[in-house]
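Asker: Okay, structure incoming, though there's no sequence with it:
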């Protein structure tokens, strides 16, 4: 609003029958984590994920993990084969997700944080390249809410969750949502 303070606007919204909850549009930021090599991925070693791969055949091509972050480099050699493919266009916009920060269909990561998170979740494994994700065959849905500096607002977060909910309503098997950011 150009004329009301945040507090005044919230009080006004709370009085409306169709508003369940109102809060400021807080700024949010990507958590500062950078660990690009599998041999340095201590979390992978501490959870014995290799045992799971070898003995239980962890796969998940029927499962989607939505990465709500700075986007995902969907052209990355370790991720391109595991990106979610939207088959519901135009009901759901974007080929492999959506950029809620720029309000367009290209959720390309301009920061690296979302790609890093997506790699931990689902980088292709056992292919002689780079790292392995926890689930090497999962599909990644890219939901970009943070800019190239790792910052964004709750409004983009809400828009991403509405997108994910719409995908669920359309039958997409989203099993988890990754949120590696905070306010």
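Answerer: Sure thing, it's come through. Model, not experiment: these values are computed from the prediction. Numbering: from 1, shown residues only.
Asker: thinking in terms of the whole chain, how far from its middle is whichever strand or helix holds residue 162?
Answerer: Assignment of secondary structure by DSSP states H and E places residue 162 within helix 154-169. Its chain's C-alpha centre lies 11 Å from the corresponding centre of helix 154-169 when counted by CA atoms, centre = their mean, to the nearest Å.
Asker: which residues touch that helix?
Answerer: Where contact means CB atoms under 8 Å, 6 or more residues apart in numbering, the residues beyond helix 154-169 that reach it are 23-26, 28, 64, 66, 68, 88, 91-92, 98, 100-101, 141, 143, 145-146, 174, 177, 183. Placement of C-beta: from N, CA and C, glycine included.
Asker: Restricted to helices, list those.
Answerer: Using DSSP state H, no member of the contacts of helix 154-169 sits in helices.
Asker: Just the ones in strands from the residues you listed, please.
Answerer: Per DSSP state E, strands hold the following members of the contacts of helix 154-169: 28, 64, 66, 68, 98, 141, 143, 174, 177.
Asker: For the residues you listed, give me a markdown table that also has neighbour count.
Answerer: Compiled in a markdown table, those are given as follows (neighbours: other CB atoms under 10 Å):
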| residue | neighbour count |
| --- | --- |
| 28 | 18 |
| 64 | 21 |
| 66 | 25 |
| 68 | 27 |
| 98 | 27 |
| 141 | 28 |
| 143 | 30 |
| 174 | 16 |
| 177 | 15 |
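Asker: where in this structure is pLDDT low?
Answerer: Residues of the chain that meet the criterion pLDDT under 70 lie in 31-61.
Asker: Centroid-nearest residue for it?
Answerer: For the chain, residue 67 is the residue whose C-alpha lies nearest the centre (CA atoms, centre = their mean; 1.4 Å).
Asker: Now do the same contact list for that residue.
Answerer: Residues counted as contacts of residue 67 (CB under 8 Å, 6+ apart) are 97, 114, 117-118, 121, 140-143, 178.
Asker: what's the closest of the residues you listed to residue 133?
Answerer: Nearest to residue 133 among the contacts of residue 67 is residue 121, at 5.4 Å by CB to CB.
Asker: where does that closest one fall, phi/psi-wise?
Answerer: Listed backbone geometry of residue 121 is phi -70, psi -50, with angles given as degrees, to the nearest 10.
Asker: That one is in contact with residue 134, isn't it?
Answerer: Yes - A contact is recorded between residue 121 and residue 134 when judged using CB atoms under 8 Å, the distance being 6.0 Å.
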